[in-house]
Structures are given as C-alpha cells and as structure tokens.
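# Quick one, structure for this:
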Amino acid sequence: MQREESEKFKRFPLQTLLARDKVNLDIFWLKDHALDDPDLLPPSDEAAAEIVESLETALERFRNVARLLGEKLA
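The predicted structure follows:
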C-alpha cells in the first residue's frame, strides 16, 4: 500500500533531511490548536495533578534503575 501525503503525513527526500542541522523526524508542522485556546485546556489543578503523577512515576523508575545499577556494581 502506497501512502498518500496528508495533513499528518509528508514525504521528505533523504537529502533534505540530511541537509538539516540535526537529522531528525520531528513532525513540527502538526499543531495542537487546543493549546491556543485556554478554554479547551484542563483546569489548572487537574494539569498540576497530572504533572505530579508523571514526575512521581518517573522518579520511581529512576529509583528502580539506580537500584539495579547498584546491585550490578556490588
């Protein structure tokens, strides 16, 4: 199946990608318009709670990695 270009899919020649400062596949042309309208954003207390939850999850994962590294070095 051949992909067709659309709002969410663009084709770039390899030389165009290689000519950039850093070769990456960031899809910067997609924009979340909900971020432009504060009325579409979740309430700040919900956003803060989600951030805290994400940070706690990340911290727990880092603790697990540190524990595993400590076990390997011991």
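
# Every contact and neighbour count from this point should use C-alpha atoms.
Noted.

# quick one: the helices in this protein?
Secondary structure of the chain, counting by DSSP state H: helices at 14-18, 44-73.

# TSV for the ones you listed, including mean neighbour count and mean pLDDT?
Converted to TSV, these look like this (neighbours: other Cα atoms under 10 Å; pLDDT from 0 to 100):
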stretch	mean neighbour count	mean pLDDT
helix 14-18	10	84
helix 44-73	11	93
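
# Switch those over to JSON lines; also include distance to residue 4.
JSON lines is the format used below for the helices of the chain (distance: least, Cα to Cα, whole Å):
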{"stretch": "helix 14-18", "distance to residue 4": "17"}
{"stretch": "helix 44-73", "distance to residue 4": "36"}
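
# of all those, which lies closest to residue 35?
Closest of those to residue 35 is helix 44-73, at 12.8 Å (criterion: Cα to Cα).

# Buried ones in stretch 33-40, by neighbour count?
Residues of stretch 33-40 include none that count as buried (16 or more other Cα atoms under 10 Å).

# Out of the helices of the chain, the one nearest residue 24 is which?
Checking the helices of the chain against residue 24 by Cα to Cα gives helix 14-18 as the closest, at 7.3 Å.

# How about exporting that closest one as PDB, limited to the C-alpha atoms?
The C-alpha trace of helix 14-18 is given here as PDB (Å, rounded to 0.1, in the frame of the first residue of the first chain):
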ATOM      1  CA  LEU A  14      16.600  11.900   2.100                       C
ATOM      2  CA  GLN A  15      18.900  14.800   1.000                       C
ATOM      3  CA  THR A  16      16.500  17.300   2.600                       C
ATOM      4  CA  LEU A  17      16.700  15.500   5.900                       C
ATOM      5  CA  LEU A  18      20.500  15.100   5.800                       C
END
